[in-house]
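In: whatever this is, show me its structure:
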Amino acid sequence: MNEYKNIIIGAGAAGLFLSALLNNADTLVLEKNQYPGKKLNITGKGRCNITNACSKEDLFGEIFTNQKFLYSAINDFDNNRTVDFFNNRNLKTKVERGGRIFPLSDRARDVTDCLYKNNACTFKFNERVKNIEKSEEKFIILTDENKYVCNNLVVATGGLSYPTTGSTGDGYKFLESFGHTIIEPRPALVGIETDSKYKEVFMGISLKNIEFKLIRNKKEIKSEFGEALFTHYGLSGPTILRLSPFIKKGDILSLDLKPALTDEKLNMRIQRDLDEAGNKMIKNSLNHLLLSNMIAPILELSDIDMEKNSNIINKEERQRLSNIIKNMHFKVVARRPLDEAIITDGGVKVSEINPKTMESKMVDRLFVIGEVLDVAANTGGYNLQIAFSTAYKAYLYLED
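Out: Numbering: from 1, shown residues only. Down below sits the predicted model:
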């Protein structure tokens, strides 16, 4: 009989990390893909943003779903320990803008290899788990090919984002069968569909050093400074991804193209540019202030005749132009679907999991780690840190 002390379902970030920590032949890793780390290999655009170099306090601040549940895990295994772990295994790292930490090689595959190669655990690929049962003190796992038995079972199956990598929500079904509550999975860190007649005009434009404010019922909920991208459906890019978990249908995303300038200074800048342009048409006078393919829509939104001479633009028109540059509104239609999201928000209800061990409070020796839990954080390496930290907590228990 195929019997093991531990079985880990899923060779993604959390499952691989746990297997590397355990590093023993009495642990079996079951993976339905042909190779390990399929999603890990494409994270960070194929470079793998392992973690972030921020302070521990800032790290907690980037977690937007069930932060308190992760206190024990991250305090035990924080971002500094993650870097040390990989460095000690000869995977050198580097810090980039925003504190993002990548492998020096810029190859996500090297992260997977670091965890998988020379790993003493037993790996079985192309093994899709169909059913899990518990009989007395043992778990019985049925796959398409085999039957396995273990003392300790770890579910590390991920969420629902990137389904082509195998993240199809299998773990939710297994855990629900053991009585666990599944908080409805929803897309997080995802693009936003907007209602704008300028989608085709703006599509493909990248913005830097801008600010988006999330407005609901005329109140500012949250804001993000940085970069954004106009797409065929609306908006994406870092600022939008970070706002996306908080966005609801009907909200307003207010774009400030010049957040470094006060209203007064922007008005003065516009006046200066128009004075220098003289009798040139205004549509040809704002190239130093705005991206060329945004000028016509912004003038239209400002209700300014774009063929009007610059030197006869009046104070009221300048003020309208300034207002649009500082407050261009986009109405939210929807978040993009889960299969386009970077991560899944939602998952196994964390009040049913012991945060000190990652063990189920409902089923002895059943452990849940990584994205299958109802935990989520911003882009920037924080979600992989959650995967590693929760894996470490399970390891401390399983090692004994």
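In: and the helix or strand bottoming out on mean pLDDT in the chain, what other elements does it pack with?
Out: In the chain, no helix or strand scores lower on mean pLDDT, DSSP states H and E than helix 199-202, which sits at a mean of 88. Judged by 3 or more CB pairs under 8 Å, 6 or more residues apart in numbering; DSSP states H and E, helix 199-202 is in contact with helix 292-301. Placement of C-beta: from N, CA and C, glycine included.
In: can you list the buried residues in the helix it packs on?
Out: 294, 295, 297, 298, 299, 301 (16 or more other CB atoms under 10 Å).
In: mind listing what's buried in whichever helix or strand comes after it?
Out: The C-terminal neighbour of helix 292-301 among helices and strands, as given by DSSP states H and E, is helix 315-326. By neighbour count on 16+ other CB under 10 Å, the buried set for helix 315-326 is 317, 318, 320, 321, 322, 324, 325, 326.
In: next, the angle from helix 315-326 to helix 292-301.
Out: 130 degrees (axes from the mean of the first three to the mean of the last three CA atoms, to 10 degrees).
In: for residue 49, what are phi and psi?
Out: Main-chain torsions, residue 49, degrees, to the nearest 10: phi -80, psi 90.
In: and for it, the neighbour number?
Out: Counted with other CB atoms under 10 Å, the neighbours of residue 49 add up to 24.
In: and it, what does it touch?
Out: By CB atoms under 8 Å, 6 or more residues apart in numbering, residue 49 lies in contact with 43, 100, 101, 102, 379, 380, 381, 384.
In: same thing with residue 263?
Out: By CB under 8 Å, 6+ apart, the neighbours of residue 263 are 322, 326.
In: ok, back up a step: can I get the buried residues of helix 292-301 in TSV with distance to residue 372 and pLDDT?
Out: Below are the buried residues of helix 292-301 laid out as TSV (distance: CB to CB, whole Å; pLDDT from 0 to 100):
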residue	distance to residue 372	pLDDT
294	42	94
295	48	95
297	43	93
298	45	95
299	50	96
301	45	93
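In: may I ask which two of these are separated the most?
Out: Among those, the pair separated by the greatest distance (CB to CB) is 295 and 301, at 10.9 Å.
In: need the strands for the stretch 101-250 of the chain, in chain order.
Out: Assigned by DSSP state E, counting those that start in this stretch, the strands in the stretch 101-250 of the chain fall at 122-124, 129-135, 138-143, 147-155, 182-188, 192-195, 206-216, 219-230, 234-236.
In: ok, which of the ones you listed comes nearest residue 76?
Out: So among the strands of the stretch 101-250 of the chain, strand 147-155 is nearest, using CB to CB, at 17.0 Å.
In: so how far is that closest one from its chain's centroid?
Out: Between the centre of strand 147-155 and the centre of its host chain there is 30 Å, according to CA atoms, centre = their mean, to the nearest Å.
In: for stretch 83-92, same thing?
Out: Relative to the chain's own centre, stretch 83-92 is displaced by 23 Å; criterion: CA atoms, centre = their mean.
In: pull out the buried positions in that stretch.
Out: Buried residues in stretch 83-92, defined by neighbour count with 16+ other CB under 10 Å: 83, 85, 86, 91.
In: what's the answer for stretch 227-247, then?
Out: For stretch 227-247, by 16+ other CB under 10 Å, it's 228-231, 233-245, 247.
In: any regions of this protein where pLDDT drops low?
Out: Along the chain, segments meeting pLDDT under 70 span 1.
In: ramachandran angles for the residue in it sticking out farthest from the centre?
Out: Ranked by distance from the centre of the chain (CA atoms, centre = their mean), the top residue is residue 279, with 49.0 Å. With angles defined as degrees, to the nearest 10, residue 279 sits at phi -90, psi 10.
In: that one reaches residue 307, doesn't it?
Out: No. Using CB atoms under 8 Å, residue 279 is not in contact with residue 307, being 11.7 Å away.
In: mutual contacts of those two, please.
Out: With CB under 8 Å, 6+ apart applied, the contact sets of residue 279 and residue 307 do not overlap.
In: buried among the contacts of residue 49? Make that a PyMOL selection.
Out: Of those, the buried ones can be selected in PyMOL as follows, counting by 16+ other CB under 10 Å:
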select buried, resi 43+100+101+102+379+380+381+384
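In: if we can go back for a sec, out of the buried residues of helix 292-301, who's nearest residue 396?
Out: Using CB to CB, the buried residues of helix 292-301 come closest to residue 396 at residue 294, 53.5 Å.
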